[in-house]
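Enquirer: Structure, please.
(2 chains)
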Amino acid sequence: MKATVNGEQRILDLGTTVGRLLAELGVRDAGIAVAVNDRIVRKAAFDEHALKDGDAIEIIRAVAGG
Amino acid sequence: MNGPLRIGTHELGSRLIVGTGKYPSLEIMQQAHHASGTSMITVAIRRINLDDPTGKTMLDYIDRTRYTILPNTAGCTTAKEAVLTAQLARELLETDLIKLEVIGDAQTLYPDTAETIVAARELVRDGFTVLPYIVDDPTACKRLEDDGCAAVMPLGAPIGSGLGICNRYSISIIVEHATVPVIVDAGVGTASDAAIAMELGVDAVLMNTGIAAAQDPVKMARAMRLAVESGRLAFEAGRMAKKLYASASSPVTDLIGSAK
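Expert: Just a heads-up that it's a prediction; the model follows:
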């Protein structure tokens, strides 16, 4: 299935969870937050939240700013 | 010093809020934060770099036992983007605080007032402690206060301009009418600008570039700390009335050589 991760098109296995996507991307799950289709996915739900074809995933962190 | 500042349920020991952007190095930033005496530090929220997914984040450089973090929605141009950014920040930082910034123009970085108000209402409804960056417009500030914002943050001058407090009169009017803290956000270029803002009676000053872009950011951070404290003290002390003509400080009688 296709999904968009931080604006990039990616091919994911059917049933990929948020937790698995983060592991595959090599993202440590401290210091980040995730939204799927403009809705927050709580950390506790990363391993249960199955992604669907066409999902838009945003993975964010804190950076320098004023 | 100067007594704590309360924003919603949060209490800050310092009336100087500082940023994390544009410093020559992270080490200098940390030293500047320390020298500023600040209690609250702003960060921005951005996508992680998928090519460097294990990279450090700004949170690795801020001691959260010492500082309260104020995430911002900088870079957002619509209420929708700002609301999602705020929700992501809350999830990331476990804080209800949000510096709401909805930019209306890329050159001036002036806020989009209409979108800011829409976003503020939604975030207040969602339980956030909302601190909106806004124009130095008493009406807009009052509207945001009425909509439940925990503070209002009028600009002193455009972001990163260092032009100082361009309209003291509008800031004074905002202070006079506000029942929530007023924080001058943006425009402060040097210590006197911060002192002027505080002398007008604002509750705090938020600055980034004024410290980060100084030749010596650590020294400027200390200057800003002193200026904010001085300005606040002067405001609390109540300045003398301005007069058009002189009024001698020394006795005007018994002058040497004067006639009896």
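Enquirer: three-state assignment of the nearest residue to B:Ile17 once chain neighbours are set aside?
Expert: Here the nearest residue to B:Ile17 in space, its sequence neighbours aside, is B:Leu206; by Cβ to Cβ, 6 or more residues apart in numbering or on different chains that works out to 4.1 Å. Using the backbone N, CA and C atoms, a C-beta is placed for each residue, glycine as well. Three-state assignment for B:Leu206 (DSSP: H, G, I helix; E, B strand; the rest coil): strand.
Enquirer: Could you pull up the contacting residues of B:Leu206?
Expert: Applying Cβ atoms under 8 Å, 6 or more residues apart in numbering or on different chains to B:Leu206 gives the contacts A:66, B:17-19, B:42, B:99, B:153, B:183-186.
Enquirer: same thing but at 6 Å, please
Expert: By Cβ atoms under 6 Å, 6 or more residues apart in numbering or on different chains, B:Leu206 lies in contact with B:17, B:183, B:185.
Enquirer: That one pairs with what?
Expert: B:Ile17, B:Asp185 (DSSP bridges).
Enquirer: From B:Asp137, how far out is it?
Expert: 17 Å (Cβ to Cβ, to the nearest Å).
Enquirer: Same question for A:Asp55.
Expert: 40 Å.
Enquirer: again with B:Ala223
Expert: B:Ala223 is 29 Å from B:Asp137, by Cβ to Cβ.
Enquirer: B:Ala114 too?
Expert: B:Ala114 is 12 Å from B:Asp137, by Cβ to Cβ.
Enquirer: the more surrounded of these two?
Expert: B:Asp137 (19 against 12; other Cβ atoms under 10 Å in any protein chain shown).
Enquirer: And the contacts of the longest strand anywhere in chain A?
Expert: Secondary structure assigned by DSSP state E gives strand A:56-63 as the longest strand of chain A. Strand A:56-63 is contacted by residues A:4-6, A:31-37, B:43-48, B:57-59, B:88 when judged by Cβ under 6 Å, 6+ apart.
Enquirer: interface residues of chain A facing chain B?
Expert: Listed as neighbours of chain B in chain A under the rule Cβ under 6 Å from any Cβ of the partner chain: A:6, A:25-28, A:31, A:33, A:35, A:38, A:40, A:59-66.
Enquirer: Would you mind listing which of those are buried?
Expert: Buried subset of these (neighbour count, 16 or more other Cβ atoms under 10 Å in any protein chain shown): A:6, A:25, A:27, A:31, A:33, A:35, A:40, A:59-66.
Enquirer: Could you work out the most separated pair of those?
Expert: A:Leu25 and A:Gly66 (28.9 Å; Cβ to Cβ).
Enquirer: Run through the helices of the chain in chain order.
Expert: With no chain named, the answer covers chain A. Remark: helices assigned in chain A by DSSP state H are A:18-25.
Enquirer: think we crossed wires, I meant chain B
Expert: B:26-36, B:79-93, B:113-125, B:138-146, B:168-177, B:191-199, B:209-212, B:217-237.
Enquirer: Looking at those, which one is packed in the most?
Expert: The highest mean neighbour count among those, using mean count of other Cβ atoms under 10 Å in any protein chain shown, belongs to helix B:209-212: a mean of 26.
Enquirer: Could you list the alpha-carbon positions for it in PDB?
Expert: What follows is helix B:209-212, C-alpha atoms only, in PDB (Å, rounded to 0.1, in the frame of the first residue of the first chain):
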ATOM      1  CA  THR B 209      17.200  37.300  17.800                       C
ATOM      2  CA  GLY B 210      18.000  40.200  20.200                       C
ATOM      3  CA  ILE B 211      20.100  37.800  22.200                       C
ATOM      4  CA  ALA B 212      21.100  35.200  19.600                       C
END
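Enquirer: Residues in contact with it: which ones?
Expert: Contacts for helix B:209-212 (Cβ under 6 Å, 6+ apart): B:22-23, B:32, B:160, B:188-189, B:217, B:220-221, B:224.
Enquirer: Report the contact partners of B:Glu81.
Expert: No contacts exist for B:Glu81 under Cβ under 6 Å, 6+ apart.
Enquirer: meant to ask about B:Tyr169
Expert: Counted by Cβ under 6 Å, 6+ apart, B:Tyr169 has zero contacts.
Enquirer: Give me the pLDDT value at the residue in the stretch 1-150 of chain B that chain A sits nearest to.
Expert: Taking Cβ to the nearest Cβ, chain A has its nearest neighbour within the stretch 1-150 of chain B at B:Ala44, 2.6 Å off. Predicted confidence (pLDDT) for B:Ala44: 97.
Enquirer: Setting aside sequence neighbours, what's the nearest residue to it?
Expert: A:Gly65 (2.6 Å).
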